[in-house]
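Predicted model and sequence follow; I will ask about them next.
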Amino acid sequence: MDHSQPHSQPHSQYHRQSGNGWAAISLIVALYLALGITYALSIPLWEAPDEPAHFLYVLSIAETGQPPAPPAPQTASFWLNGYVTSSYEWHQAPLYYALAAGVVQLNRAWTLVPPFAGFPLVNPDFPFAYRVFQPAPSGISEPHLVRLLGVALGALVVLTVWA
């Protein structure tokens, strides 16, 4: 078999070397980034699944250098007086949270955006009841930076799978 002809090369190798392959993956990554950034910045804070508990994990590493300890058994609502009260995501593997904690620490060192100030009031019956949110902070906040890290890591996954 003559490997000097482009059609005889393995499919993925041919597309990676051709302009069409690079154009296609560039378009896919650009679309992914556009959708991911739009989602990260437009969805109200704490609307993503378990986002408050995940962010508490990030803050634990950023502020103490340690993952959160297992919480005591929950005897009341995770949302006490409108605020998340548990680090129930403590069991998650720490690599992503450590990277996100680094983003928070860099932000606090360089003051790129205002530091996280607290959770807004939410209805504890979500998603089954209507709820009123406090106004979202204007501009980008630390939780948004963590979301954007997730988007960047997702783009790396897309490129890694393509490669």
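Thanks, I have it. Only a predicted model underlies this, so the values are computations on that prediction, with no experimental measurement involved.

Identify each buried residue in the longest helix along the chain, please.
In the chain, taking DSSP state H as the definition, the longest helix is helix 19-42. Within helix 19-42, the residues scored as buried using 16 or more other Cβ atoms under 10 Å are 21, 25, 29, 32-33, 36, 40. Bear in mind the C-beta positions are built from the backbone N, C-alpha and C, glycine included.

name the helices or strands packed onto it?
Packing contacts for helix 19-42, counted by 3 or more Cβ pairs under 8 Å, 6 or more residues apart in numbering; DSSP states H and E, involve helix 11-17, helix 142-162.

Any buried residues in the last one, and which?
Read it as helix 142-162. Buried residues in helix 142-162, counted by 16+ other Cβ under 10 Å: 142-151, 155.

circling back: by mean pLDDT, show me the worst of the helices and strands packed on helix 19-42.
The minimum mean pLDDT among the helices and strands packed on helix 19-42 belongs to helix 11-17 (a mean of 54).

Okay, now the unreliable bits of the chain?
Scanning the chain for pLDDT under 70 picks out 1-19, 74, 76-86, 118-138.

now the helices and strands packed on helix 19-42 as CSV including distance to Gly102?
Shown next, in CSV, are the helices and strands packed on helix 19-42 (distance: least, Cβ to Cβ, whole Å):
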stretch, distance to Gly102
helix 11-17, 31
helix 142-162, 9
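
among those, which is nearest Pro44?
helix 142-162 (10.5 Å; Cβ to Cβ).
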